[in-house]
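Novice: take a look and give me a structure for this.
(2 chains)
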Amino acid sequence: MDDLEQVIRAYVAKEYLEDGDDRTIDDHTPLISGGIVDSFSMVSLKRFLERRYGIEIPDADATPDAFDTVSRIAALVARLRARSTAPAS
Amino acid sequence: MAFAVPVREHYRSELEGLRQAGLFKEERYIRSPQGADISVEFPSGAPPREVINLCANNYLGLSSHADVVRAAHEGLDCRGYGLASVRFICGTQDLHRALEARLTAFLGTEDTLLFPSCLDANAGLFEAILGEADVILADRLVHASIVDGMRLCKAQQDTYKHSDMAHLEEKLAEHRDKRFRLIVTDGVFSMDGDVAKLDEIVALAARYDAMVCVDDSHATGFMGRTGRGTHELKGVMGQVDLITTTLGKALGGASGGCVSGRRELVELCRQRARPYLFSNTVAPVIVAGALKVLDLLCQSTERRDRLEENARYWRSLLTEAGFDLKAGESPIVPVMLYHAKLAQDVARDLFAEGVYVVGFFFPVVPKGQARIRTQLSAAHERHHLDRAIEAFVKVGRRYDILGKSKQEIVARYGN
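Specialist: Sure, this is the predicted structure:
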């Protein structure tokens, strides 16, 4: 099982940092409130997560707040993965 | 009562927050026609001051041109003040058809449809021509109106790093499974003043079977040898599928916009685009003025040539003085200050020195990228720019930003 935070950090760095941008993305770096990812380009990240982890992120959950740090994103993905694999009651 | 005291207090507090953060925008009141020299009342109630204007989109200086004003008067006399209708009911005059035909010829496309503004054109275009099976691939610095238009559309969306052709190619390959791919970019980017790599975009589009849409609002009338726009500049006239542009900048500065491009796409906008269907038609006075503007542009390239020289001269003055500029070849020359309050303070001080510019900061530009966006006009003469640079240098020295790097400015003022 891959390291969720590591995968997200690597994707964010590759997808959103321009050449020559030497900022470090850690689990608590503010991505959207910090101006690294804007709500317009957030769609790429949402799509990546959905494809990589076989989940669907409802629009209500794909908020700038939920996507503001790697740790929050990882928590959201983990919750949706758990929901999608939970046995039907 | 709907707007109770607690509700009012909530919004009052939000506005106060903007003031505290240095993000509150103040209007200035201009008491003259638009031009290189204008009379400005600021703050409200202050005696008007004569200042040099370096922040208008009046690129060709036609906003108050005598011939354009005369033509507009004739339009009022011949076709009235307003049509009180959307286009498709009883809001289309022969003037509108004539202007659309002239724009089609000028831009080198197959058809053109007028909108009340380019913002409306961008709002209506994507929803009219794309669906859930399609994808829009937008440069990350496209104009806000394109972002809004994309959000109104059911097509999937993705973005590529600004002007990064390798990243765009990755996205095109990733989205090969979609029905249609539409690449969207500004021609000249409104905040940075750089020019899209439209020739490379068109080449990628051909390779990956994608359409190309360009918002050329900051290019139509003056970019390219005869002012047709970014597509002329980049040698790809006839190869761009859609152009949206405005009549509210170089082409007279009043209002109005259009979609121009492939015949079937434009016709679909005529059939389906919501701003076209539900917003009032462009007034005859505007249409008549725009027709005269196109006459003037087709007669001579003198104005766009003068604008190009003014931009080159102004950029050299700022560079020599030691300001931190965004590189570019357009008449948009951003002076980078990074900190919102610094940008506002410098703009305020420049106004006191007789130069009218405005500080740009979040959300208009990304956080930490505040600037003063200077814009040249064919109406500027050397003495305007020489006087302006004196003011810029005086204020620049006051804030100790001359010859300073971004790191040095941010270290002193923050971002």
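Novice: residue contacts, the closest residue to chain A within the stretch 251-400 of chain B?
Specialist: As assessed by C-beta to the nearest C-beta, chain A sits closest to residue B:367 within the stretch 251-400 of chain B, at 4.3 Å. Every C-beta, even on glycine, is put in place using the N, C-alpha and C of the backbone. The contact partners of residue B:367, taken as C-beta atoms under 8 Å, 6 or more residues apart in numbering or on different chains, are A:34-35, B:415.
Novice: return the set of buried residues in stretch B:235-243.
Specialist: Residues of stretch B:235-243 classed as buried by neighbour count (16 or more other C-beta atoms under 10 Å in any protein chain shown): B:236-237, B:239-243.
Novice: what sits against residue 43?
Specialist: Unless you meant another one, I'm taking chain A. Per C-beta under 8 Å, 6+ apart, neighbours of residue A:43: B:156-159.
Novice: ah, I was thinking of chain B
Specialist: Here residue B:43 is in contact with residue B:26 (criterion: C-beta under 8 Å, 6+ apart).
Novice: contacts for the strand or helix carrying residue B:9, please.
Specialist: Using DSSP states H and E, residue B:9 maps to helix B:5-20. Residues outside helix B:5-20 that contact it (C-beta under 8 Å, 6+ apart): residue B:24.
Novice: give me the mean pLDDT for stretch B:44-52.
Specialist: Stretch B:44-52 shows a mean pLDDT of 95.
Novice: buried residues, that stretch. List them.
Specialist: Applying 16+ other C-beta under 10 Å to stretch B:44-52 flags B:49, B:51-52 as buried.
Novice: after the biggest helix by length in chain B, which helix or strand is next?
Specialist: Ranked by number of residues, the top helix in chain B under DSSP state H is helix B:302-321. Beyond helix B:302-321 on the C-terminal side, the first helix or strand identified by DSSP H and E is strand B:332-338.
Novice: so which bits of stretch A:36-50 are buried?
Specialist: A:36-38, A:40-49.
Novice: same thing with stretch B:326-339?
Specialist: By 16+ other C-beta under 10 Å, the buried positions in stretch B:326-339 come out as B:326, B:328, B:330-339.
Novice: using a markdown table, lay out those together with pLDDT and distance to residue B:145.
Specialist: Converted to a markdown table, the buried residues of stretch B:326-339 look like this (pLDDT from 0 to 100; distance: C-beta to C-beta, whole Å):
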| residue | pLDDT | distance to residue B:145 |
| --- | --- | --- |
| B:326 | 90 | 21 |
| B:328 | 89 | 21 |
| B:330 | 95 | 19 |
| B:331 | 98 | 21 |
| B:332 | 97 | 17 |
| B:333 | 97 | 23 |
| B:334 | 97 | 20 |
| B:335 | 97 | 25 |
| B:336 | 97 | 24 |
| B:337 | 96 | 25 |
| B:338 | 94 | 26 |
| B:339 | 93 | 27 |
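Novice: as CSV, those with distance to residue B:177 would be great.
Specialist: Compiled in CSV, the buried residues of stretch B:326-339 are given as follows (distance: C-beta to C-beta, whole Å):
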residue, distance to residue B:177
B:326, 37
B:328, 36
B:330, 36
B:331, 41
B:332, 38
B:333, 42
B:334, 39
B:335, 44
B:336, 41
B:337, 44
B:338, 41
B:339, 45
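Novice: now narrow the residues you listed to whatever sits close to chain A.
Specialist: Among the buried residues of stretch B:326-339, not one lies near chain A by C-beta under 8 Å from any C-beta of the partner chain.
Novice: the residue sitting nearest the centre point of chain A: which element?
Specialist: Centroid-nearest residue in chain A, with C-alpha atoms, centre = their mean: residue A:73, separated by 4.2 Å. Residue A:73 belongs to helix A:70-85 when assigned by DSSP H and E.
Novice: report the distance from that helix to the chain centre.
Specialist: 9 Å (C-alpha atoms, centre = their mean, to the nearest Å).
Novice: what of stretch B:309-328?
Specialist: Using C-alpha atoms, centre = their mean, the offset of stretch B:309-328 from its chain centre is 20 Å.
Novice: what lies in contact with it?
Specialist: So stretch B:309-328 is contacted by B:192-195, B:329-331, B:333-337, B:371, B:374, B:376-378, B:380, B:382, B:385-386, B:388-389, B:392-393, B:396, B:401-406, B:409 (C-beta under 8 Å, 6+ apart).
Novice: ok, so of the buried residues of stretch A:36-50, who is nearest residue B:353?
Specialist: Nearest to residue B:353, judged by C-beta to C-beta, of those is residue A:38 at 34.8 Å.
Novice: using just helix, strand and coil, how would you label the closest one?
Specialist: What DSSP: H, G, I helix; E, B strand; the rest coil gives for residue A:38 is coil.
Novice: and it, its phi and psi?
Specialist: phi -100, psi 170 (degrees, to the nearest 10).
Novice: leaving out chain neighbours, which residue sits closest to it?
Specialist: residue A:32 (6.8 Å; C-beta to C-beta, 6 or more residues apart in numbering or on different chains).
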